[in-house]
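Trainee: structural data only, the sequence is not supplied:
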């Protein structure tokens, strides 16, 4: 209990681990970290810290783990933390972070980050796609085999609380191959980028309880290491990409409470998911839901995913070209017909049609006159 004294940070020249988790500490985080700090791990999670984050944390160039989860910190997203060269774990979950997340400051922001948790805050604006696409440590599969390796050293091994497969779990040790993103329960909008499929070493992805729109890109089928995927409580539309059925490691899936339509993909892992994974999508049908698919629901065409650039350039241009071609073809056909009928070679055809029309009109008037007399 109590507050942290400012002088504590002067010891960071000699400390490598500062773990004060679950101590009911309140007040602000000390403002001054030592210039030549040796800190590798800072864990202040599950306390009552308030205020903002001190920018002097940038002095901790050896920092690999920064866990400030479950506090009362009220600040904007610390984009400067992306410049910490060794940072692998950033946990800011369950605080009062707010506002938009601006573009990264550096070209290689968060290049070594493997655990990125911002869940249960008040962050808003577009999904921070530019940050996600810089998570290069999640793009390269670790092909090493043999003994499992954990974060830490011979004296101390890091641990972290994660939301895994819908459950909160304390990882007593953090595998060096463990990668996860959790941005759930915020106010992010926008669409999932096609490039999300580049995060090929990702184990878990949770974007639930936001305001995300558009289609689920088929490129999510490239996340072959994915073990859990939660996109529930958003505004996704269209079909569930059949490519998701190819994710053989996927053990947990939640797509509930969206606006998805069409048949649920079948086979492999999809045969193991319960109806809860798809509930709250009135347009979905097929196993494991009770709604059977009719012919009309099966004939819903697959949606082509267009990125913003494609929509602004290629997609719009292609449709305009098709419509212009159709219009020009129609005009050309009608004009050609007039030319043919107006040529001397077919004057007899025009005369024949005119005489036939006159005879029909005379016959009709004659019959009408007789009917009137009767």
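Mentor: Looks like it arrived, so ask away. Quantities reported herein were computed from a predicted structural model and do not represent experimental measurements.

Trainee: how about the strands in the stretch 1-150 of the chain?
Mentor: 17-19, 26-28, 41-43, 48-50, 65-67, 89-91, 98-99, 115-117, 122-126 (DSSP state E, counting those that start in this stretch).

Trainee: walk me through which strands the last one pairs with, and which way each runs.
Mentor: The reference is to strand 122-126. Paired neighbours of strand 122-126 in the sheet (DSSP bridges): strand 98-99 (parallel), strand 187-191 (parallel).

Trainee: quick one: secondary structure of residue 163?
Mentor: Secondary structure, DSSP: H, G, I helix; E, B strand; the rest coil: residue 163 is strand.

Trainee: which strand residues bridge it?
Mentor: Counting by DSSP bridges, residue 163 is bridged to residue 168.

Trainee: correct me, but it touches residue 205?
Mentor: No - judged on Cβ atoms under 8 Å, residue 163 makes no contact with residue 205 at a distance of 11.1 Å. Heads up, the C-betas are built off the backbone N, CA and C, glycines and all.

Trainee: of those two, who's got more company?
Mentor: Between residue 163 and residue 205, counting by other Cβ atoms under 10 Å, residue 205 is the more crowded of the two (25 against 20).

Trainee: my guess is that one meets residue 225, correct?
Mentor: No - counting by Cβ under 8 Å, residue 205 stays clear of residue 225, with 10.7 Å between them.

Trainee: flag the shaky bits of the stretch 101-250 of the chain, pLDDT-wise.
Mentor: 107, 141-146 (pLDDT under 70).

Trainee: my read: residue 188 touches residue 125, true?
Mentor: Yes - if you go by Cβ under 8 Å, residue 188 and residue 125 touch, sitting 7.0 Å apart.

Trainee: which one's more surrounded, these two?
Mentor: Higher neighbour count among residue 188 and residue 125: residue 188, with 23 against 15, using other Cβ under 10 Å.

Trainee: how about the helices in this structure?
Mentor: With DSSP state H as the criterion, the chain has helices at 129-132, 295-298, 308-310, 316-342, 347-373.

Trainee: pipe the strands paired with strand 122-126 into CSV and attach distance to residue 58 per row.
Mentor: Shown next, in CSV, are the strands paired with strand 122-126 (distance: least, Cβ to Cβ, whole Å):
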stretch, distance to residue 58
strand 98-99, 20
strand 187-191, 26
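
Trainee: among those, which is nearest residue 34?
Mentor: Evaluated over the strands paired with strand 122-126, closeness to residue 34 peaks at strand 98-99, with 29.5 Å, by Cβ to Cβ.

Trainee: what sits closest to residue 73 if chain neighbours are left out?
Mentor: Excluding the flanking residues, the one nearest residue 73 by Cβ to Cβ, 6 or more residues apart in numbering is residue 95, at 4.5 Å.

Trainee: then residue 130?
Mentor: residue 103 (5.4 Å).

Trainee: what's around that neighbour, how many residues?
Mentor: 10.

Trainee: surely residue 46 is in contact with residue 70?
Mentor: Yes - with contacts counted by Cβ under 8 Å, residue 46 reaches residue 70, the gap being 4.6 Å.

Trainee: more neighbours, the two?
Mentor: Between residue 46 and residue 70, counting by other Cβ under 10 Å, residue 70 is the more crowded of the two (21 against 18).

Trainee: does that one touch residue 94 like I think?
Mentor: Yes - the criterion here is Cβ under 8 Å, and residue 70 meets it with residue 94 at 4.5 Å.
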